[in-house]
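Q: Quick one: sequence and predicted model below, then my questions.
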Amino acid sequence: MGRLLITLALLAGLPAAAHDFDFSADLRAAAASGQTSYLNGGLGKLRFDGNHDGLQLGYLRFAYRGNPTETLRFTAEAFAWGDSDVNAVDLTEILLSWRPVPHSAWRSELKVGAFYPPISLENRMRGWRSPYSLSFSAINSWIGEELRTIGVEYNLDWLRQQQGRAFNFGLTAAAYGWNDPAGIVVALRGWAVHDRQTSLFGRVGRTGQGIINGRTLFYDDIDGKVGYYAGLTANYRGALELRALRYDNRADPAEEAPAIDDYAWHTVFDSYGLRWTVNEHWTLIAQALTGNTAAGDIAPPNYWRFDSWFALGSWQRGPHRLTLRFDDFSMRQLVSHFPGYNHDDGDAITAAWMYQINERWNVALEGLRIRSTLAARGWLSAPTTADEKQWQLALRYDL
Amino acid sequence: MHTAYVMACTILPALGQAAFTAELSVTVLDNAGRPFAGAAVIAEPQTPAPRPNASPRSEMDQRDLQFVPNLLVIRTGTAVSFPNSDQVWHQVYSFSGARTFQLSLYAGRAHPPVIFDKPGLVTLGCNIHDGMIGYIYVTDSPWHGRSDTNGQLTLQNLPAGNYTVKIWHQRFNDPAASLSRSVTLTDDQAVRSAFLLKQNLKPALHSHGNEKQWEDY
């Protein structure tokens, strides 16, 4: 395959560097206290827990970027997380994007494949990683868990900065399928703060353990209905980025899929984001997300509302970066055909120090405290209220 | 200092070696009176200067996901090469009226230079990295340059005559009319001209820095 791509590239007259193989490794030393992690069958909100800390694999990342033609770009991102997922190495994104060189201030871009919707202002490194901290905000942790656009996205950018104006504007619209289980995790487990993205053929947490049905394969299509999102962006001189997006997977909550023993989850939310690069040292990011999800064949179906926001301040000087983030989150079940009503309320404080040793090596130290009350913990005979803490020291390598 | 738009033209004693030509020294100060470095300074003779025989050469590099220099001032007809010093590929384009072009994806020094044969402002972009914006100011005048860290540029060996002196920078907010003025130069004289901006500067355009791993989602 690689040889074929290289041959094609040579034929197309592209430089050899038009193939970009990429590898990253992240080794962690973790110390955690709190409940058993959602990854290990519990309802703790952290990636690591007291029984799964010490020396851990953060991830191994394998990626490829290549340009089969001048305006087509192929991207594939795969991760190994070192926990017991379905596949030891699995894709998180695979897409083809077409972005012709603009001849006027209007530029189009078309993406086809499986990729992230343009919501996070925090995850701005290859592989949807964050340069600010090890763990993502609650909002972006959830997006990494449950959302992937498997379909088509169109972007229209109005490049007014090229015309001497202050603002660029952008419009984004997407149609997608295979995202019908989206909502199940935030409704049952509530919010979490971590960096464990769900792979395209993977699951959230251990198979058959915990509150989430072990057979729920993510990124599955149950009802055959096409979902959409549409959003607007504005960028002021590269310093201020504003985004708003409406997401609706248009799933039919009454549709049952015996193969995965679950319903389609109808998830709708609005997302807002602001990123302000104040100067060469300071970056401020804030995002808010408010939405609801419904599932079940009894009318009205089970219904949950979920909301979260975070504010992040990050200061960089030379190889040092310090980040402080506050997350607030809630989830509330309003209609229930189960014996109880689930709800989740809490907040999190994350402080991180990232240090770039050289171009390839980084170290990071992160302290995280998340306090929450989650009704579902009672169903597992665990205390509903938890005050969870986690220290992580990471050694990271990027090829 | 903050309220008035200051224009100072001082005629100083002639300099010995600059026989039968004049020297023009331009200073650019922001609205707080601090020197502004990197502004384009152009002295356009009101009788056009003859075009040079050979095509001048210049360079606009791409380094750490930025155009370097961010603003290049060149004479019409200059051949500008666009090396890529980054590890990642760039795809440079312009749809400005003065010069529309695109360079296919590349690393290193893959493309022949681009000739800028019309005066005007050319805004450069990279189709892979929207945060990269660069400027090429193309002028018919051979007397041009950029202000130094003292906000100064001294142009030498200008023939006597009437000139339009212009300054430009992508961060200026002042109206174009106040960034241009007429200056008369006579032989063997050194003239100083200071521009004091009245408006606040536009914020500087931010770029991510040099990490290959940056990619906005």
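A: Perfect, I can see it now.

Q: any idea where the helices of chain B begin and end?
A: Listed in chain order, chain B contains no helices at all (DSSP state H).

Q: That one against chain A: which residues are in contact?
A: Within reach of chain A by Cβ under 8 Å from any Cβ of the partner chain, chain B has these residues: B:87-89, B:91, B:93-96, B:100, B:102, B:104-108, B:110, B:121, B:123, B:125, B:127, B:130-131, B:133, B:170, B:202-208, B:211-217. The way it works is simple: take the backbone N, C-alpha and C, and place the C-beta from them, glycine included.

Q: Out of those, which end up buried?
A: B:88-89, B:91, B:93-96, B:102, B:104-107, B:110, B:121, B:123, B:125, B:127, B:130-131, B:133, B:170, B:203, B:205-208, B:211-215, B:217 (16 or more other Cβ atoms under 10 Å in any protein chain shown).

Q: Count the residues that sit near residue 84.
A: I'll assume chain A. Number of residues near residue A:84 (other Cβ atoms under 10 Å in any protein chain shown) recorded here: 13.

Q: that's the wrong chain, I meant chain B
A: 24.

Q: Surely it and residue B:60 touch.
A: No: using Cβ atoms under 8 Å, residue B:84 is not in contact with residue B:60; the gap is 10.4 Å.

Q: Mind checking which of the buried ones among the residues of chain B next to chain A are in strands?
A: Those of those mapping onto strands are B:93, B:94, B:95, B:96, B:102, B:121, B:123, B:125, B:133, per DSSP state E.

Q: Now for the fifth one: which residues touch it?
A: Yep, that's residue B:102 we're talking about. Residue B:102 is in contact with A:101, B:91, B:92, B:93, B:94, B:127, counting by Cβ atoms under 8 Å, 6 or more residues apart in numbering or on different chains.

Q: Kindly recompute the last result at 10 Å.
A: When contacts are counted by Cβ atoms under 10 Å, 6 or more residues apart in numbering or on different chains, residue B:102 touches A:70, A:100-103, B:91-95, B:114, B:125, B:127.

Q: what does the fourth one give?
A: The contact partners of residue B:96, by Cβ under 10 Å, 6+ apart, come to A:162-164, B:118, B:120-125, B:135-136, B:138.

Q: Just the buried ones from the residues you listed?
A: A:162, B:121, B:122, B:123, B:124, B:125, B:135, B:136, B:138.

Q: okay, the fourth one: pLDDT?
A: I take that to be residue B:123. Note on residue B:123: pLDDT of 95.

Q: Beta-bridge partners for it, please?
A: On the basis of DSSP bridges, residue B:123 is bridged to residue B:135.

Q: roughly how far apart are the nearest residue to residue A:189 once chain neighbours are set aside and residue A:187?
A: Distances taken as Cβ to Cβ, 6 or more residues apart in numbering or on different chains put residue A:38 closest to residue A:189, at 5.1 Å, once the chain neighbours are dropped. Using Cβ to Cβ, to the nearest Å, residue A:38 is found at 13 Å from residue A:187.

Q: The two: who's more crowded?
A: Neighbours per residue (other Cβ under 10 Å) separate residue A:38 from residue A:187, with residue A:38 holding more: 28 against 24.

Q: Check whether that one really touches residue A:203, as I assumed.
A: No: with contact defined as Cβ atoms under 10 Å, residue A:38 does not count as touching residue A:203 (11.4 Å).

Q: which residues of chain A fall in helices?
A: Using DSSP H, helices in chain A cover A:2-11, A:138-146, A:184-188, A:376-379.

Q: Could you list every helix and strand in contact with the shortest one?
A: In this structure, helix A:376-379 makes packing contacts with helix A:184-188, strand A:343-356, judged by 3 or more Cβ pairs under 10 Å, 6 or more residues apart in numbering or on different chains; DSSP states H and E.

Q: For chain B, which of those is the nearest?
A: strand A:343-356 (8.3 Å; Cβ to the nearest Cβ).

Q: tell me the mean pLDDT for stretch A:268-285?
A: Mean predicted confidence for stretch A:268-285 is 94.

Q: Show me which residues of that stretch are buried.
A: Going by neighbour count (16+ other Cβ under 10 Å), the buried part of stretch A:268-285 is A:268, A:269, A:271, A:272, A:273, A:274, A:275, A:276, A:277, A:283, A:285.

Q: can you tell me how far the first one sits from chain B?
A: Relative to chain B, residue A:268 is positioned 21 Å away (criterion: Cβ to the nearest Cβ, to the nearest Å).

Q: pretty sure that residue contacts residue A:293?
A: Yes: using Cβ under 10 Å, residue A:268 is in contact with residue A:293, at 7.6 Å.

Q: Common neighbours of the two, please.
A: By Cβ under 10 Å, 6+ apart, residue A:268 and residue A:293 have these common neighbours: A:183, A:249, A:251.

Q: wait, which of these is closest to chain B?
A: The closest of the shared contacts of residue A:268 and residue A:293, once distances to chain B are taken by Cβ to the nearest Cβ, is residue A:249, at 19.3 Å.

Q: thought that closest one was touching residue A:184?
A: No: Residue A:249 is beyond contact range of residue A:184, at 11.7 Å (criterion: Cβ under 10 Å).

Q: Identify the contacts common to the two.
A: Common contacts of residue A:249 and residue A:184 (Cβ under 10 Å, 6+ apart): A:265, A:267, A:293.

Q: For beta bridges, what are the partners of the second one?
A: Here residue A:267 sits in beta bridges with residue A:293, going by DSSP bridges.

Q: Pull the contacting residues for the residue lying closest to residue A:394 once chain neighbours are set aside.
A: Nearest residue to residue A:394, sequence neighbours excluded (Cβ to Cβ, 6+ apart): residue A:364, at 4.4 Å. For residue A:364, the contact set (Cβ under 10 Å, 6+ apart) comprises A:26, A:28, A:58, A:131-134, A:321, A:323, A:352-356, A:392-396.

Q: PyMOL command for the buried members of these?
A: Buried residues within those, by 16+ other Cβ under 10 Å, are selected in PyMOL with:
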select buried, chain A and resi 26+28+58+131+132+133+134+321+323+352+354+356+392+393+394+396
